[in-house]
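Trainee: Any chance you can model this:
(one chain, ligands or ions: 1)
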Amino acid sequence: MDPICIVKHRCVGCGLCGKVCPFAALTLKEGLALIDVDKCNLCGACVEACRYDAIEIRQASGALQDFSDYHGVWVFAEQKNGIIQTIAYELLGEGRKLADTLKMPLCAVLIGHDIQKQVAALTSRGADRVYLVDRAELAYFQDEPYAKVLCELVHRHKPAILLYGATSIGRSLAPRVAVAIDAGLTADCTGLSIIPETGNLLQTRPTFGGNIMASIISSDNRPQMATVRHKVMKEAVVVEGRNGEVVVEQIADALLHSRTRRLRFEPEQETTMNIAEANIIVSGGRGLQEPKNFRLIRDLAEVLGAGVGSSRAAVDAGWIPYSHQVGQTGKTVCPKIYFACGISGQIQHLAGMSSSDLIIAINKDKDAPIFKVANYGLVGDLFVILPLLTQEFKKVLKSSE
Ligand SMILES: Cc1cc2nc3c(=O)[nH]c(=O)nc-3n(C[C@H](O)[C@H](O)[C@H](O)COP(=O)(O)OP(=O)(O)OC[C@H]3O[C@@H](n4cnc5c(N)ncnc54)[C@H](O)[C@@H]3O)c2cc1C
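Mentor: Below you'll find the model as predicted:
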């Protein structure tokens, strides 16, 4: 069935559709519009132009799509150095709810090398089946071969839903897969549920800098794909003795080729914790004035057992590595407590931290936008306030030991 058609009893042969078609796909024949589907790219210009509703794009409604072959909720089980990352457990926790609602199996995809022993960590947390791809070429993440392998598995097994973490790896991998398999992708979701009437995945994510929540469905394509924000969903709990099926997948060598090559791995020279994992984050911005003043941030972070974050201004100035950047083009974090020190609170920064449970802002400008999202605001000089806070927390925490 053609994806676009003329509704003959409505067409009056006015020819307007032919005039607006940028691909010369529409002509008139015997007083009716005629579509050359090979030329048409479904841009919809003719549908909009037709005053008689005589042209229909069938794919757009989704009503004629048959997705009955697509089955199962999949999560991409991210691993680093052979260790499954906690985001995979969060995805399993959320995936379980979706799979139960849809009455479908929950499956994990594990790609790497020498990772067989990690399978139990996935099945014990709810995976009914693990698709395992174990090849030396896949020992560490590389966009190209990982995307090709995942596309191959999607073609073989046709999952209904495929979830990734909104991590550096997930954000790199998911769009490549989406383009290759012609699927939709919603980035950075904070909520997932199933629409009972249609069985479609309802994907919720903050937009416009966190000011509104958007609900998105990919009704016309399968699998429905989303990246999910770290630390928003609860991790699936381990059920002792729970087992699942393991499907060892064979992959053609051609899929493992990569145009990029890893030369070496250089660990970051930082002693503080990864902010994506931190329950407390102390962040510094341009208000610190000089790189050496990040010491004030690190001192407080150390006392609180917190991670160190920063605004982009501080990263751009070379005061702190990019991995600490919070915001639209940095990390999205959701700690229990977020300290913003000398950070003005521009919308791009707020996009990465405004869903923190408690926000404490220190800024000498009482009108700084950060105070609009802060639960507690300290108006004053951070060079005075930060040492005092560090000292007081040290005392209080020591006395409570
Ligand atoms: C496409 C795009 C993406 C971006 N992505 C990001 C992103 O991911 N993350 C991000 O952070 N930004 C991002 N930005 C940049 C963003 O717009 C701001 O420029 C940046 O967040 C400002 O950083 P800041 O708050 O540290 O600096 P400023 O805006 O310069 O604020 C410094 C603050 O420090 C206060 N201050 C100064 N001295 C003191 C003192 N002694 N005591 C107390 N307070 C003091 C000042 O009152 C001021 O409010 C992006 C911008 C664009 C265009």
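Trainee: who in the stretch 301-401 of the chain is up against the ligand?
Mentor: Taking Cβ under 6 Å from any ligand atom, the part of the stretch 301-401 of the chain that reaches the ligand is made up of 311-314, 325-330, 342-344, 346, 348-349, 352, 362-365, 368, 381-383. In short, each C-beta sits where N, CA and C put it, glycine included.
Trainee: hmm, which of these are the buried ones?
Mentor: 311-314, 325-328, 330, 342-344, 346, 349, 352, 362-363, 368, 382 (16 or more other Cβ atoms under 10 Å).
Trainee: Tell me where the model's unsure across this protein.
Mentor: 1, 59-64, 209-211, 268-272, 401 (pLDDT under 70).
Trainee: Domain-wise, how is it divided?
Mentor: 4-61, 73-256, 280-399 (automatic domain parsing).
Trainee: and the longest one, how far from the chain's centre?
Mentor: Taking Cα atoms, centre = their mean, to the nearest Å, one finds domain 73-256 lying 11 Å from the centre of the chain it belongs to.
Trainee: Compute the first-to-last residue distance for it.
Mentor: Start-to-end span of domain 73-256 (Cα to Cα, to the nearest Å) is 25 Å.
Trainee: Please see if that domain touches the ligand.
Mentor: No - contact of domain 73-256 with the ligand is not found when judged by Cβ under 6 Å from any ligand atom; the minimum separation is 10.3 Å.
Trainee: among the buried ones among the residues of the stretch 301-401 of the chain next to the ligand, which are in helices?
Mentor: Assigned to helices by DSSP state H, the following of these qualify: 312-314, 349, 352, 382.
Trainee: partner residues bridging Gly112?
Mentor: Asp134 (DSSP bridges).
Trainee: For the residue in the stretch 51-200 of the chain positioned nearest to the ligand, list the residues it contacts.
Mentor: The stretch 51-200 of the chain approaches the ligand most closely through Asp188 (12.8 Å), counting by Cβ to the nearest ligand atom. When contacts are counted by Cβ atoms under 8 Å, 6 or more residues apart in numbering, Asp188 touches 166, 205-206, 227-229, 332.
Trainee: Out of all residues in the chain, which is the farthest from the middle?
Mentor: Glu30 (51.4 Å; Cα atoms, centre = their mean).
Trainee: And that residue, how far from Leu296?
Mentor: From Glu30 across to Leu296, the span is 81 Å (Cβ to Cβ, to the nearest Å).
Trainee: again with His155
Mentor: 53 Å.
Trainee: Same drill for the two, tell me which one is more crowded.
Mentor: Leu296 (21 against 10; other Cβ atoms under 10 Å).
Trainee: Spell out the secondary structure type for that one.
Mentor: helix (DSSP: H, G, I helix; E, B strand; the rest coil).
Trainee: swap in the one 3 residues further on?
Mentor: Local secondary structure at Asp299 is given as helix here, using three-state DSSP.
Trainee: That one and Lys394: what is the separation?
Mentor: For Asp299, the distance to Lys394 - Cβ to Cβ - is 9 Å.
Trainee: got it, and Gln203?
Mentor: Computed as Cβ to Cβ, the Gln203 to Lys394 distance reads 44 Å.
Trainee: Of these two, which one has the most company?
Mentor: Comparing Gln203 with Lys394 by other Cβ under 10 Å, the one with more neighbours is Gln203, at 27 against 15.
Trainee: show me what contacts that one?
Mentor: 186, 189, 191-192, 215-218, 224, 226.
Trainee: now, the most widely separated pair of those residues?
Mentor: Gly191 and Ser218 (15.2 Å; Cβ to Cβ).
Trainee: Between those two, tell me which one has more neighbours.
Mentor: Ser218 (20 against 16).
Trainee: Wait, a strand at Leu192?
Mentor: Yes - assessed with three-state DSSP, Leu192 lies in a strand.
Trainee: Beta-bridge partners for it, please?
Mentor: Judged by DSSP bridges, the bridge partners of Leu192 are Gln203.
Trainee: Is it in contact with Ser215, as I believe?
Mentor: No - counting by Cβ atoms under 8 Å, Ser215 is not a contact partner of Leu192; they are 10.5 Å apart.
Trainee: Please identify which of these two sits among more neighbours.
Mentor: Neighbours per residue, other Cβ under 10 Å: of Leu192 and Ser215, the larger number sits with Leu192, 24 against 12.
Trainee: mind listing what the more buried one touches?
Mentor: 94, 98, 163, 201-204, 226, 228.
Trainee: 10 Å instead?
Mentor: 73, 91, 94-95, 97-98, 161, 163, 186, 201-205, 224, 226, 228, 232-233 (Cβ atoms under 10 Å, 6 or more residues apart in numbering).
Trainee: so the residue of the stretch 51-200 of the chain closest to the ligand, which of the three states?
Mentor: From three-state DSSP, the assignment for Asp188 is strand.
Trainee: Leaving out sequence neighbours, find the closest residue to it.
Mentor: Leaving aside its chain neighbours, Asp188 sits nearest to Ala166 (4.7 Å; criterion: Cβ to Cβ, 6 or more residues apart in numbering).
Trainee: How many residues are close by the one you found?
Mentor: Ala166: 24 neighbours (other Cβ under 10 Å).
Trainee: With the one 4 residues further on instead?
Mentor: Gly170 is flanked by 24 other residues according to other Cβ under 10 Å.
Trainee: Helix or strand for it, just tell me which one.
Mentor: Taking DSSP states H and E as the criterion, Gly170 maps to helix 168-181.
Trainee: Strands of the stretch 51-200 of the chain, residue ranges please.
Mentor: Ranges of strands within the stretch 51-200 of the chain are 55-57, 73-76, 79-80, 83-84, 106-112, 129-134, 161-165, 185-189, 191-194, based on DSSP state E, counting those that start in this stretch.
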